[in-house]
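Novice: predicted structure and sequence below. I'll ask about it afterward.
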Number of protein chains: 2
Amino acid sequence: MKPMGPIPAWFASEEAMLLIGGCGAASLVDEAGDTPLFVYDLGIIEAQIRHLRDVMPPDLSIHYAIKANPYLPLLAHMVGLVDGFDIASGGELDMALAAGQSPDHISFAGPGKRDDELAAAISAGVTLNLESEGEAARALQIAERLGRKPNLAVRVNPDFDLRGSGMRMGGGAKPFGVDADRAAALARTVIDAGANWRGWHIFAGSQALDPMALIETQAATIALAARLSEQVGVTPPLVNLGGGFGIPYFPGDVRLDIRPIGVALAEALESRPAILADTRFALELGRWLVGEAGVYLTRVIDVKDSQGERFAIVDGGMHHQLAASGNFGTVVRRNYPIAIANKFDHASLADPVSVVGCLCTPLDRLGDKVALPSIEVGDLIAVFMAGAYGATASPAAFLGHPAPREMVVG
Amino acid sequence: MKPMGPIPAWFASEEAMLLIGGCGAASLVDEAGDTPLFVYDLGIIEAQIRHLRDVMPPDLSIHYAIKANPYLPLLAHMVGLVDGFDIASGGELDMALAAGQSPDHISFAGPGKRDDELAAAISAGVTLNLESEGEAARALQIAERLGRKPNLAVRVNPDFDLRGSGMRMGGGAKPFGVDADRAAALARTVIDAGANWRGWHIFAGSQALDPMALIETQAATIALAARLSEQVGVTPPLVNLGGGFGIPYFPGDVRLDIRPIGVALAEALESRPAILADTRFALELGRWLVGEAGVYLTRVIDVKDSQGERFAIVDGGMHHQLAASGNFGTVVRRNYPIAIANKFDHASLADPVSVVGCLCTPLDRLGDKVALPSIEVGDLIAVFMAGAYGATASPAAFLGHPAPREMVVG
């Protein structure tokens, strides 16, 4: 038996059936038409954002990094819940605008922006987080050609990283942003070129579960933003503090307590250097806002035994859930939380079962030797923590299976 | 500096420009319209198949596992080159038929076949490689309902594995096929039920570069097929020996010498047990047939330095090349062979450069600290070994970037 991550406390059942947004999982599948199906509970997203606003300083802006989940009905709902969208491509620009987000609440980071993406962003009036001197030169040239005054911020490769972070985005040689020691000069260049100066974007890492690590990083980020602003001699309108708030995917992971982060951030902002007195601050979150709100439902197609081990084969798999299969930036595969949706309150058997996807590769495993109730063909498997980096972060075309369905509830 | 895999010997240059199928890489990009672009050289695929037929026993059938690359113009060309297609989903069935393959040269393996896929396959008349007793019962029931006599083979989970294999598909508890000790009973069941008995499918592993390992596995596979056939008391029309032929992706990998495999297989087939005297044998290959024939071309968008290291950022990345980024079943990331297509014969610099994709994640790396000629914005990067498990085995929708273009040449 191998352990799995904790099932999020948001979820309960009625007559053994998992409820998502108050609806039974099986009825949601009926409504959607078939499995595999991603269900996103807007109520959970709203509760997360409410909790965040409760504990964070009142003036803090909340941005949504739409790469985490760009499903259009979810995006459209997010417009009313957050203060801005962060995008990472021209395609995401189109999605953000289609969802109804206003261009002056959109900022665009990404290390390889093509000329056509820069032009589209400048024409739309969104803020570009410049990743290099070369990109700045291209952006200024394109803005000149278009006769537009571009909104430009500088993304900084910080000289520190987010401790315990799932992915380090700073604290070494990185393809993201400009090194801290060159950032002020670049800001000066774009200000002198007549651009609208928008400020700093400093993203040190992601998926951290230790509040102290996030508190330290935010303090270091504010200090760095102040130091750079002093060097430029201009107050930045906005400092994007990045995100990095993690969610508990794996056995032993403990849910991040954001209250101490809010307290520390309030203190840090109150005592911030004078040059940042009129600066607005933003948190950029993706995974933390939407990850727990998603459930991936997939149906058991076959149950079989091989050499004394039991396998349940489902109609979904790694082509929709690359990260849950352990093939997305993880070295050692660990189990996401999963359950049998239609036997949610049943006791688990003593013998383990492996839940594998329908792809013809041993990589396609959603649950490795996990404890579940007695499993049968037709059962619905729920994979939790499926709201972020699921459908779009997986090789959907692999082996020619149908695309997953998606829906919002709540 | 970190090493990279060997550039396939198929490729040369003219006036410094990489040639693919006799055409310059830059003109191919012009013809396709833009980067990122996958180019598949049909001449290389033909040469691989010619070489294979030259060294293998004359009666051996060659099957193409279309999951490796289902790009339709490539598939359509493969119909005339190989003796059959192996598919892994209902979607791949549609692709195989669209490419012009005849249903009686198609077989369908896959651990989680849905009822609608079984029905489509039985209606079309393709062979089903049964993965379990449960699947056999469903297939027989569906055939009965459709009034069709199904073509059924049994996929066996062998009691051995392919030594040195990139992915083990046998030799333990597995979701693929039925355990060898239950396979004969299942064959008996489907024969007694009146199905067309098609034989055995035995796939022990993939991506092996050691001829001896493949020779041993093929011998063990023939022996297992004979033993099972004796138990059933019926000569199987076909034994699919699986594949497992690897290609050299990484530093130190040596190209598989298939000649000794052909010699050993001829001997093994000549001395095969009497029950297999009238049996046809097939090799099922995907990666080996098409992998070396593909080149992924992506353009340098930015060149930047961070803390003394140089980065080239391209307009492609892991969303098209998940395996090359090191995020597809690999534990330790190693470099695929890459080159600057428009400086193919230039000398490499002493200082390394990292070639990273345009995605906003540190996972998106196509070349880690590799030796390349002096790199500039606008250069074309070629990633080799891109013919198999590229475009369709990658998270193409991630971060909203455009789909890659694809074309065949030669």
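Specialist: Structure's in. What do you need?
Novice: can you give me the strands for the stretch 301-410 of chain A?
Specialist: Remark: strands assigned in the stretch 301-410 of chain A by DSSP state E, counting those that start in this stretch are A:309-314, A:338-340, A:353-356, A:365-370, A:380-383, A:405-409.
Novice: chain center to the fourth one: distance?
Specialist: Spelled out, it's strand A:365-370. In terms of C-alpha atoms, centre = their mean, to the nearest Å, the gap separating the centre of strand A:365-370 from the centre of its chain is 24 Å.
Novice: and for the second one?
Specialist: In terms of C-alpha atoms, centre = their mean, the centre of strand A:338-340 is set 23 Å apart from its chain centre.
Novice: is that strand positioned near chain B?
Specialist: No: applying C-beta under 8 Å from any C-beta of the partner chain, one finds strand A:338-340 separated from chain B by no less than 15.8 Å. To be clear about C-beta, it is placed using only N, CA and C from the backbone, and glycine gets the same treatment.
Novice: and if you look at the first one?
Specialist: Yes: with C-beta under 8 Å from any C-beta as the criterion, chain B is reached by strand A:309-314 at A:309, A:311, A:313-314.
Novice: are any of these buried, and if so which?
Specialist: Buried by 16 or more other C-beta atoms under 10 Å in any protein chain shown: A:309, A:311, A:313-314, out of the residues of strand A:309-314 next to chain B.
Novice: which one of the residues you listed sits closest to A:Tyr296?
Specialist: When those are ranked by distance to A:Tyr296 (C-beta to C-beta), A:Val314 comes first, at 9.8 Å.
Novice: ok, now how distant is whatever residue of the stretch 151-300 of chain A ends up closest to chain B from B:Glu309?
Specialist: With C-beta to the nearest C-beta as the measure, A:Ala173 is the residue of the stretch 151-300 of chain A nearest to chain B, at 3.7 Å. A:Ala173 sits 4 Å away from B:Glu309, going by C-beta to C-beta, to the nearest Å.
Novice: thinking again about what came up before, now the residue of the stretch 151-300 of chain A closest to chain B: which helix or strand?
Specialist: Per DSSP states H and E, A:Ala173 falls between elements, in no helix or strand.
Novice: and the helices in chain A, which stretches?
Specialist: Secondary structure of chain A (DSSP state H): helices at A:25-32, A:42-55, A:72-79, A:90-98, A:115-124, A:133-146, A:180-192, A:211-232, A:259-270, A:287-290.
Novice: most tightly packed of these?
Specialist: Sort those by mean neighbour count, taking mean count of other C-beta atoms under 10 Å in any protein chain shown, and helix A:287-290 sits at the top with a mean of 26.
Novice: that one and chain B, are they touching?
Specialist: No: using C-beta under 8 Å from any C-beta, helix A:287-290 stays clear of chain B, with a minimum separation of 12.0 Å.
Novice: helices or strands up against that helix?
Specialist: helix A:42-55, strand A:61-65 (3 or more C-beta pairs under 8 Å, 6 or more residues apart in numbering or on different chains; DSSP states H and E).
Novice: what's that helix in contact with?
Specialist: A:40, A:45, A:48-49, A:52, A:62, A:64, A:68-69, A:74, A:78, A:82, A:206-207, A:243, A:245-247, A:256, A:387-389 (C-beta atoms under 8 Å, 6 or more residues apart in numbering or on different chains).
Novice: could I get that helix in PDB with only the CA atoms?
Specialist: This file holds the C-alpha atoms of helix A:287-290, laid out as PDB (Å, rounded to 0.1, in the frame of the first residue of the first chain):
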ATOM      1  CA  ARG A 287      -2.700  27.100  -8.600                       C
ATOM      2  CA  TRP A 288      -3.700  28.300  -5.100                       C
ATOM      3  CA  LEU A 289      -6.900  30.000  -6.300                       C
ATOM      4  CA  VAL A 290      -8.200  27.200  -8.500                       C
END
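Novice: so for it, what's the average pLDDT?
Specialist: Averaging pLDDT along helix A:287-290 yields 98.
Novice: quickly list the domain ranges of chain A.
Specialist: A:12-40+A:292-409, A:70-285 (automatic domain parsing).
Novice: against A:Val370, how distant is the closest residue to chain B within the stretch 201-350 of chain A?
Specialist: Nearest to chain B in the stretch 201-350 of chain A, going by C-beta to the nearest C-beta, is A:Glu309, at a distance of 3.7 Å. Going from A:Glu309 to A:Val370 by C-beta to C-beta gives 12 Å.
Novice: joint contacts of those two?
Specialist: Applying C-beta under 8 Å, 6+ apart, one finds that A:Glu309 and A:Val370 are jointly contacted by A:352, A:354.
Novice: pLDDT-wise, which helix or strand of chain A ranks last?
Specialist: strand A:167-168 (a mean of 64; mean pLDDT, DSSP states H and E).
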